[in-house]
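Chemist: got a predicted structure plus its sequence, pasted below:
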Amino acid sequence: VRDAADGDASFRAGAPGAAGLVEAHGGAAAERVEPGLAALAPAHDEARRRRELGDAPPRDEPVEVPLRLARRRRRRRRRRVGLVRGERAPEEERRGLLVRVQAADVGADLVGKVVHGLEEDDPKNPATIADNVGDNVGDVAGMGSDLFGSLAESTCAALVIASTSSDLLDAGWAALLFPLTISAAGMVVCMACSFIATDLKPVVREADVESALKLQLISTTFLVVPVVVYLAHSLLPDKFELPSVVSGTIKASSTGAAICVSVGALGGLLIGLVTEYYTSHSYEPVRECAHVCKQGAAVNLIYGLALGYRSAIVPVYTLAAIVYFAFSLADLYGVALAALGMLSTLATGLTIDGYGPVTDNAGGIAEMAQLPAACREKTDCLDAAGNTTAAIGKGFAIGSAALVSLALTAAFVTRTAVLDRGVNMLLSLIHI
């Protein structure tokens, strides 16, 4: 920071945004330096005490850090690197981190708007940095980890159930690894559909952003269905036998497996579109809620809760229909395939979900850097569309989590055969 100040005359003159730049760089530097200083503080105090007593080494000789402090410092460094990479981060720490950043987000709004009467993302409010970080962690890191975790869990569940079928084992690796090909095909389709928004139908006005993102999701879903049908008929046998939780075995087919995946993909699309309808400013529910806000906070809370409850009706019935059709065609294996079908467009869904915090942070940076008002107007328009896309990602996460939980239970029941041993999973084993 000192070098930048000495070499930049505009910095010394107090140019707009310079303070925010220094604060951002200073905060990042402090985040890296403070843990190391905290670990070296005991050794520094010990060296100073020895110098005062006259038995300390000269200042030019290095001070040895105690072994226990060095080990503690290495553990902290490993833990920080592991959390950044997402490697084996405990579920409690991840959830706690999400709650912490969301609390910081709400606190920034309360302190700035309610207490001090500041505008959104005002540079005089240092909590705006916490607001931007909260958007990234909550809507990008948190949602991404949830969705990718659901994808891995549903894939493992489908593979475990497939390994219990003798027909699929006899058909070879291609039939067993069919669940993995669903995710692979989805990634290829999502990459191909990304050119729609960049080359085939680019956005020329701010009002076209929301429709372009919705077109991306719809085209990805409808293109992945025929690809999955082709893979099912190519890799799976025409007829194969699966273990059933109702009767001993069930006869399934490659067509039925393809229908299970397709139903999951189309059901996820329907959930996303319904979520968009209830969260977009282009449709009636959001406009009605905005009109009700004029009558007071109490009416706003009541109407908002009622609107939220009403928005869950179609997704709940959609999930029930997906489970019914998938279970009827391929038992629990079909439920796992339906979960994979819903997550087959994960690349596009997660991209749309990450668009929201990106545009929100862009508006915050524009405000803190005191850019012209026209720039802030454009970012506000993009932010409005980003809030809707973030809600679509949450709809996917909740819907897929419901199917994945059922798929994991199916894998456990199938692999352990607990139902064949007379165990009723609906009864509690602990009686109080």
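Modeler: Yep, it's here. Numbering: from 1, shown residues only.
Chemist: surely residue 217 touches residue 345?
Modeler: Yes. At 6.9 Å, residue 217 counts as touching residue 345 under the criterion of Cβ atoms under 8 Å. C-beta here means a position set from N, CA and C on the backbone, and glycine is covered the same way.
Chemist: what packs against whichever strand or helix holds residue 270?
Modeler: Following DSSP states H and E, one finds residue 270 within helix 254-279. Under the contact criterion of 3 or more Cβ pairs under 8 Å, 6 or more residues apart in numbering; DSSP states H and E, helix 254-279 touches helix 209-235, helix 284-292, helix 297-311, helix 313-342, helix 373-416.
Chemist: elements contacting the fourth one?
Modeler: Helix 313-342 makes packing contacts with helix 143-162, helix 178-195, strand 239-243, strand 249-253, helix 254-279, helix 373-416 when contacts are defined by 3+ Cβ pairs under 8 Å, 6+ apart.
Chemist: could you do the shortest one as well?
Modeler: In this structure, helix 284-292 makes packing contacts with helix 254-279, helix 297-311, judged by 3+ Cβ pairs under 8 Å, 6+ apart.
Chemist: quick one: average pLDDT of the longest one?
Modeler: The reference is to helix 254-279. For helix 254-279, mean pLDDT rounds to 90.
Chemist: could you check the angle it makes with strand 239-243?
Modeler: Orientation of helix 254-279 against strand 239-243 (axes from the mean of the first three to the mean of the last three Cα atoms, to 10 degrees) gives an angle of 70 degrees.
Chemist: so where's this structure shaky on pLDDT?
Modeler: Along the chain, the model assigns pLDDT under 70 to residues 1-101, 419-432.
Chemist: centroid-nearest residue for it?
Modeler: By Cα atoms, centre = their mean, the chain has its centre lying nearest to residue 143, at 1.3 Å.
Chemist: do a quick rundown of the helices in the stretch 51-200 of the chain.
Modeler: Listed in chain order, the helices of the stretch 51-200 of the chain (DSSP state H, counting those that start in this stretch) span 67-85, 91-109, 127-135, 143-162, 166-171, 173-176, 178-195.
Chemist: burial of the residue lying closest to residue 367 once chain neighbours are set aside, as a residue count?
Modeler: Ranked by Cβ to Cβ, 6 or more residues apart in numbering and with sequence neighbours excluded, the top spatial neighbour of residue 367 is residue 121, at 3.8 Å. Neighbours of residue 121 under the rule other Cβ atoms under 10 Å: 23.
Chemist: what's near enough to touch residue 121?
Modeler: 128, 131, 363, 364, 367, 368 (Cβ atoms under 8 Å, 6 or more residues apart in numbering).
Chemist: quick one on the thing from earlier: return the most buried member of the helices and strands packed on helix 254-279.
Modeler: helix 313-342 (a mean of 23; mean count of other Cβ atoms under 10 Å).
Chemist: following that helix, which helix or strand comes up?
Modeler: Following helix 313-342 in sequence order, the next helix or strand is helix 346-368 (DSSP H and E).
Chemist: pull out the buried positions in that next one.
Modeler: 346-357, 359-368 (16 or more other Cβ atoms under 10 Å).
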